[in-house]
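Student: Give me a model of this one.
(one chain, ligands or ions: 1)
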Amino acid sequence: LPADAAAPALHAPELAPTPAFRPGQPRVLVVEDNPDLRHFLHDVLVDEYNVTLEEDGDDGIKAALADPPDLIVTDLMMPRCDGETFLRTLRSRPDFPNVPALVLSARADDALRERLLEELAQDYLTKPFSPQELRARVHNLVTVKRTVDILQKELQTQASDIWELTAGLVESRKSLQRSFTALQVADRRWLGLYENTAVGIALADRDGRILSANPALQHMLGYGPDDIAGVSLIAITEASERATTARNVHGLVDGELPAYHTQKRYERRGGGYLWANVSASRIPAMAEDGPMLAVIVEDITSRMEAERSLAATRAELARVSRFTAMGELVASIAHEVNQPLAAVITNSQAALRWLSLATPNLDEVAAALHRVNRDATLAGEVIARIRKFLRAGELRREGIDIARLLDELLQMLQAMLTDNGVQVRVQLPDPPPAFTADAVQLQQVILNLIVNAVDALRDTPAGARALAIIVSAEPTGGVRIAVHDSGPGIRPESEAKLFDAFFSTKPDGLGMGLAISRSIIENHGGRLWLDRTQPGGACFVFTLPDA
Ligand code: ADP
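Tutor: From the prediction side, this is the model:
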């Protein structure tokens with residue numbers, strides 16, 4: 001058997017009858033000089049393909065150029081024009097289409113075969129080979145060729161080319177790579193920020209449970225990298241704010257709120273509170289993940305503590321200065337009134353003595369009574385002078401921006417209000433009413449009313465401690481301000497004495513708050529009273545004219 005013979009030796013090279021050209025069936029050009037093998041190839045392929053047979057490269061070139069096939073099957077060692085020259089000639093023709101080639105090689109042709117595979121051929125078969133193997137290889141190559149042809153045709157209708165498609169694919173891959181690299185850079189930058197910023201950052205699920213948190217937040221809340229995941233931002237919110245937080249979280253997840261910002265306290269693990277400015281926003285759902293929350297937490301504990309101790313100091317100062325002012329007032333009254341009173345006593349005693357004589361000295365009595373009258377008048381004048389001084393003194397009227405004044409006041413009192421779990425609602429008309437007053441004294445009045453309300457609310461269950469400050473314009477000009485709490489209200493027996501100096505029902509109360517407040521308001525030409533018509537706790541109302 002010759003070395004290049006196929007496995008089944010065909011001693012009677014009778015060609016199977018070649019059927020007529022069947023359109024639609026792929027065309028295979030077979031170039032083989034050995035007649036046995038040529039016939040064998042023909043017989044294996046003829047059922048499925050339109051097969052053309054040639055005996056050497058030269059004839060193969062002519063046949064291929066005349067009618068380019070879908071596949072070339074060629075031997076390598078052939079007289080006149082070998083397989084390599086045959087393929088190289090075809091490939092060098094720019095008008096010759098991309099037709100795949102399957103080369104049939106002997107074992108000895110290893111090096112040549114590899115070179116051909118690199119440049120000219122798509123596949124090879126080493127002799128001897130089985131009909132199945134041949135059919136399989138031919139089938140694969142023809143299928144690929146036909147697919148490429150179809151694609152090419154599709155692309156031609158779009159005035160494009162398969163190479164453009166490939167180039168496009170490569171380009172989009174490159175740009176994908178570029179954007180991936182950009183993403184990596186952005187990722188690294190973000191990661192650097194996430195890891196090193198002093199601001200707490202968390203990603204939370206739809207129930208407010210932490211999915212991941214940066215080291216700053218772990219530290220703020222007292223957790224470590226291994227136990228922070230799963231911690232519920234709602235559960236660790238301080239009790240009085242918990243329900244509000246749950247509402248906010250669900251509002252965000254349901255898309256009712258785009259984002260929210262709030263100031264509140266978290267319970268730290270291991271005790272204590274974290275005062276925080278919190279901003280949360282929604283990350284819309286992606287692929288199979290539901291919506292998530294991005295939460296930014298700023299630690300303001302030390303600022304709040306400083307503010308709180310400032311507020312405490314202020315409150316203490318106000319208390320002390322009230323005492324001092326009272327003390328000074330009392331001392332000056334005592335001093336100025338004491339002298340004429342002492343004289344009144346002396347003179348009235350003298351008058352009594354002159355009257356008690358056997359013969360009363362009425363002239364002396366009259367003189368003593370004159371002096372009594374003079375000194376009593378003097379004492380009265382002292383009192384009037386002090387009153388006048390108190391009234392006229394220190395009143396510095398200016399235009400009041402009531403929104404700002406309330407804002408400043410509530411900020412100053414925030415620590416006290418949150419500590420006591422008091423929810424404050426401010427109601428302001430737009431635009432706010434115009435009026436003038438002494439800003440410091442006006443703040444003093446509202447402060448007294450708020451502090452009284454907070455004191456009263458301590459007896460009310462947490463969660464129901466509400467305070468409303470309602471500002472409205474007076475029909476006759478000026479302003480009306482109501483401070484209304486949800487506390488126990490005023491006992492009937494206290495009502496008449498509320499505004500009296502030194503009336504207090506508190507163990508450490510001074511009983512001057514409402515008295516001073518009323519005198520301030522009256523000095524302004526306004527009125528302060530207890531509004532009994534309002535339901536709920538106490539409602540104190542005052543008016544100030546616009547003058
Ligand atoms: P003090 O606060 O020092 O007691 P005030 O003159 O401010 O003095 O208040 C007098 C009293 O009025 C209080 O002790 C309290 O009994 C009563 N009172 C004032 N405001 C309220 C309020 N909002 N709710 C209930 N009682 C109040």
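Student: From what I see, Asp59 and Val31 are in contact.
Tutor: Yes - in this structure, Asp59 is within contact of Val31 by CB atoms under 8 Å, at 7.5 Å. The way it works is simple: take the backbone N, C-alpha and C, and place the C-beta from them, glycine included.
Student: what about these two, which has more around it?
Tutor: Val31 (30 against 17; other CB atoms under 10 Å).
Student: So the more buried one sits against Thr74, correct?
Tutor: Yes - the pair Val31 and Thr74 qualifies as a contact (CB under 8 Å) at a distance of 4.2 Å.
Student: Quick check: neighbours shared by these two?
Tutor: The contact sets of Val31 and Thr74 overlap at Gly57, Gly60, Gly83, Phe86 (CB atoms under 8 Å, 6 or more residues apart in numbering).
Student: Report the two of the residues you listed separated the most.
Tutor: Greatest spatial distance among the shared contacts of Val31 and Thr74 (CB to CB): Gly60 and Gly83, at 8.6 Å.
Student: that older thread, switch the shared contacts of Val31 and Thr74 over to CSV; also include neighbour count and secondary structure.
Tutor: Listed next are the shared contacts of Val31 and Thr74 as CSV, based on neighbours: other CB atoms under 10 Å; DSSP: H, G, I helix; E, B strand; the rest coil:
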residue, neighbour count, secondary structure
Gly57, 27, helix
Gly60, 28, helix
Gly83, 28, helix
Phe86, 28, helix
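Student: so which of those would you say is closest to Val297?
Tutor: Closest to Val297 out of those is Gly83 (75.7 Å), distances taken as CB to CB.
Student: That closest one contacts Val103, doesn't it?
Tutor: Yes - between Gly83 and Val103 there is a contact under CB under 8 Å: 6.0 Å.
Student: lowest confidence element among the helices and strands of the chain?
Tutor: The helix or strand of the chain with the poorest confidence is helix 162-196; it has a mean of 64 (mean pLDDT, DSSP states H and E).
Student: Can you name the element that comes right after that one?
Tutor: strand 200-204 (DSSP states H and E).
Student: longest single strand anywhere in the chain?
Tutor: Longest strand of the chain, by residue count under DSSP state E: strand 273-283.
Student: Would you mark the buried spots in stretch 135-143?
Tutor: Along stretch 135-143, these residues count as buried under the neighbour rule (16 or more other CB atoms under 10 Å): Arg137, Val138, Leu141, Val142.
Student: Which residues are in contact with the first one?
Tutor: With contact taken as CB under 8 Å, 6+ apart, Arg137 is in contact with Leu102, Asp123, Leu125.
Student: beta partners of Thr436?
Tutor: Gly399 (DSSP bridges).
Student: Kindly provide the distance from it to the ligand.
Tutor: Separation of Thr436 from the ligand (CB to the nearest ligand atom, to the nearest Å): 25 Å.
Student: Does that residue touch Asp546 like I think?
Tutor: Yes - using CB under 8 Å, Thr436 is in contact with Asp546, at 6.8 Å.
Student: that older thread, who touches both of Gly60 and Gly83?
Tutor: With CB under 8 Å, 6+ apart as the test, Gly60 and Gly83 both reach Val31, Thr74.
Student: can you count the residues close to Ala334?
Tutor: For Ala334, using other CB under 10 Å, the count is 11.
Student: Which helix or strand contains it?
Tutor: Element membership for Ala334, per DSSP H and E: helix 301-356.
Student: The ligand contacts on this protein?
Tutor: Contact residues (CB under 6 Å from any ligand atom) of the chain with the ligand: 448, 452-453, 456, 485, 487, 490, 494, 498, 503-506, 509-515, 537-538.
Student: what sits against the residue in the stretch 51-200 of the chain that the ligand sits nearest to?
Tutor: Nearest residue of the stretch 51-200 of the chain to the ligand (CB to the nearest ligand atom) works out as Gly200 at 38.6 Å. Gly200 makes contacts with Ala213, Asn214, Ala216, Leu217, Met220, Leu221, Ala276, Val295, Ile296, Val297, Glu298, Asp299, as judged by CB under 8 Å, 6+ apart.
Student: ok, Gln443 to the ligand distance?
Tutor: Distance, Gln443 to the ligand, using CB to the nearest ligand atom: 15 Å.
Student: Arg308 too?
Tutor: Distance of Arg308 to the ligand, computed by CB to the nearest ligand atom: 21 Å.
Student: Surely that residue and Ala415 touch.
Tutor: Yes - between Arg308 and Ala415 a contact is recorded at 3.7 Å, counting by CB under 8 Å.
Student: Quick check: neighbours shared by the two?
Tutor: By CB under 8 Å, 6+ apart, no residue touches both Arg308 and Ala415.
Student: Give the buried residues for stretch 354-364.
Tutor: Trp354.
Student: ends of that stretch, how far apart?
Tutor: Using CA to CA, to the nearest Å, the end-to-end distance of stretch 354-364 comes out at 7 Å.
Student: hmm, who's touching that stretch?
Tutor: Residues outside stretch 354-364 that contact it (CB under 8 Å, 6+ apart): Ala350, Ala351, Val365, Ala368.
Student: The last one contacts Ser348, correct?
Tutor: Yes - using CB under 8 Å as the test, Ala368 is close enough to Ser348 to be in contact (7.1 Å).
Student: Which one's more surrounded, the two?
Tutor: With neighbours defined as other CB under 10 Å, Ala368 and Ser348 compare such that Ala368 has more, 22 against 16.
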